[in-house]
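Peer 1: Task: produce atomic coordinates for the following.
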Amino acid sequence: MTYFDSLPKATRNDPHPSAKRLRGPIAVLVAVTLALMSAMATRALLAPAPAAALQTTSITSIAFTNAPAGGLFNIVDHYYSIGSDVEVTATFGGDVTVTGTPRVLLTFGTEGTRDATYVSDASTATELVFRYTLVDGDSTGQSSLSLAANALDADGADGSASIQAGGADVDATHDEVPTTILVSAHRPIIFGAYVAQAPGVDADLDGTAETYVEGDTLNVLVRFNLLMKVDTKGDDANVQIVVDVGGTEYTLDFAGRYLNKIGFGSHTVKASDADSNGITIKRDGSNNLVRLSNDATLTSWLGDNEPVITAAADLSVTTALALDGQATPKVKVRGTNATPTGADFSKSTAADTDLTFTLADFAITDSDGDPLKEIRLTSLPTSSQGVLRVDGTAVASGDLPRVVARSELVAAGLVLDPASGFTGDTSFMFKVVDSFGAAAATANTATVSVAASGGSGSGGGDAPPVGGL
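Peer 2: Residues are numbered from 1 along each chain as shown. Now for the predicted structure:
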């Protein structure tokens, strides 16, 4: 009988009886360990990658995509037209989803920014189009259109928009985008109106002729601040203005375009025309200074923008183009002119003493209120009585009628030089002339008494003047 045969039956087949008692707990421990390892491995496979390993969708390019062609004299691109669109396309590295209204801030040179708002997907979901529509007054000043760095605002103006890819916000950063594109979108405005030919009469003698007379031709230029063009549809339509001349209205038709000026004409001044307050361009029932008929068009040469032709008041017509800060007279009209009359007068001086005449000596009566423009000498003292001088030069009988201008009278240029030793009365005759050039119908007499020093005048006082009426 062996050793094993002598063992109790319970341990005969188990050389390590204690192992039997440990087998249950160990098995459980092993099983739990294996299960934990398996779960950890599964979790590692399913867990998302660390943040550093994610690929964020970003902008690959951003550009102006509808830049105008041609531009100013085909030298530089230029937006002129009100209502035209400025578009920017942003391209991303993958498909994106847009919520709300993102925007791109357009830099208008030195004139601030404008919002180009998201309008739609372009050809693919990777491209987004942003648009701004030009309004009157949009300009880049002396600079050009551009995008500043990071001008794309995915959150939009109200902060509620987004651009995402795979549920995460995209990277909307980008570099600056400079261009040579200029913006100048403006409605032309009227800067004034003046006559094409200067009037011929300086009625108030202020140095500027401002009055038309009978037979003069009235043509008016309306000046805009921009180059203009007119289309009269092959003469089937018309562009017109109506001028008010002292309460009488005359229609002037389009006569030509001259860069930024539109010409209208013409009216020949009638004898019955009179306007001392200044002629004006009348507004129509819609307050338009310029009137378009039968589909005629008046637009800016660049951009085809319609001008502002309405006004709060009728427009005065001036004698010349008014530059900044410069005052120009209003145009007046006088179809007829009254004939003035003068007055006789007397003065005195001592023997051998010159006598100077002044403007005040030559009174003028004029029913139109016109001032004295000049006098016309029609006779002279006899040589034995003395000599009349104008600006130091003796007037001879062959010079008659001799004009003495208002300025010469103001400057004390008309002088009587009595003959040496002469005493008594002498005289000359003259006609007054008003500012319109009308001379008095009859001459007046200026009488000068030359008195001897300490005594009465003598000799030659009754001699007739040289010359006549």
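Peer 1: Can you tell me the element the nearest residue to Ser61 once chain neighbours are set aside falls in?
Peer 2: Closest residue in space to Ser61, ignoring its immediate chain neighbours: Thr91 at 4.6 Å, by Cβ to Cβ, 6 or more residues apart in numbering. Every C-beta, even on glycine, is put in place using the N, C-alpha and C of the backbone. Under the criterion of DSSP states H and E, Thr91 resides in strand 85-92.
Peer 1: Give me the sheet partners of that strand and which way each runs.
Peer 2: Take DSSP bridges as the rule and strand 85-92 pairs in its sheet with strand 59-64 (antiparallel), strand 127-133 (antiparallel).
Peer 1: buried set for the helix or strand following it?
Peer 2: Scanning forward in sequence from strand 85-92 by DSSP H and E, the next helix or strand is strand 97-99. Burial within strand 97-99, assessed by neighbour count using 16 or more other Cβ atoms under 10 Å, is assigned to Val98.
Peer 1: Mind jotting down where the helices sit in the stretch 1-150 of the chain?
Peer 2: 3-6, 9-12, 17-46 (DSSP state H, counting those that start in this stretch).
Peer 1: tell me the average confidence for the longest one?
Peer 2: Same thing as helix 17-46. When pLDDT is averaged over helix 17-46, the result is 46.
Peer 1: what's around the residue nearest to Ser61, how many residues?
Peer 2: 15 (other Cβ atoms under 10 Å).
Peer 1: my guess is it meets Ser58, correct?
Peer 2: No - applying Cβ atoms under 8 Å as the test, Thr91 and Ser58 come out as separate, 10.3 Å apart.
Peer 1: right, so the strands paired with strand 85-92: which one is the most enclosed?
Peer 2: Comparing the strands paired with strand 85-92 by mean neighbour count (mean count of other Cβ atoms under 10 Å), strand 127-133 ranks first with a mean of 20.
Peer 1: How about the contacts made by the residue nearest to Ser61?
Peer 2: Contacts for Thr91 (Cβ atoms under 8 Å, 6 or more residues apart in numbering) come out as Ile59, Thr60, Ser61, Ile62, Thr126, Glu127.
Peer 1: Mind putting those into a markdown table with distance to Ala271 and pLDDT?
Peer 2: Written out in a markdown table, the entries for the contacts of Thr91 read as follows (distance: Cβ to Cβ, whole Å; pLDDT from 0 to 100):
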| residue | distance to Ala271 | pLDDT |
| --- | --- | --- |
| Ile59 | 78 | 96 |
| Thr60 | 80 | 96 |
| Ser61 | 76 | 96 |
| Ile62 | 73 | 96 |
| Thr126 | 80 | 92 |
| Glu127 | 75 | 93 |
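Peer 1: how about these in CSV, adding distance to His267?
Peer 2: Below are the contacts of Thr91 laid out as CSV (distance: Cβ to Cβ, whole Å):
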residue, distance to His267
Ile59, 65
Thr60, 67
Ser61, 63
Ile62, 60
Thr126, 67
Glu127, 62
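Peer 1: and of the residues you listed, the nearest to Gly200?
Peer 2: For the contacts of Thr91, the closest approach to Gly200 (Cβ to Cβ) belongs to Ile62, at 64.9 Å.
Peer 1: Quick check: beta-bridge partners of the closest residue to the closest one other than its chain neighbours?
Peer 2: In space, not counting the residues next to it along the chain, Ile62 is nearest to Ala90; the distance is 4.6 Å by Cβ to Cβ, 6+ apart. Ala90 has these beta-bridge partners by DSSP bridges: Ile62, Leu128.
Peer 1: ok now do Ala90, which residues does it touch?
Peer 2: Ile59, Ser61, Ile62, Val104, Glu127, Leu128, Phe130, Leu152, His174.
Peer 1: 6 Å - rerun?
Peer 2: Taking Cβ atoms under 6 Å, 6 or more residues apart in numbering as the definition of contact, the neighbours of Ala90 are Ile59, Ile62, Leu128, Leu152.
Peer 1: For the chain, which residue occupies the most central location?
Peer 2: In the chain, the C-alpha closest to the average C-alpha coordinate belongs to Asn225, at a distance of 4.2 Å (Cα atoms, centre = their mean).
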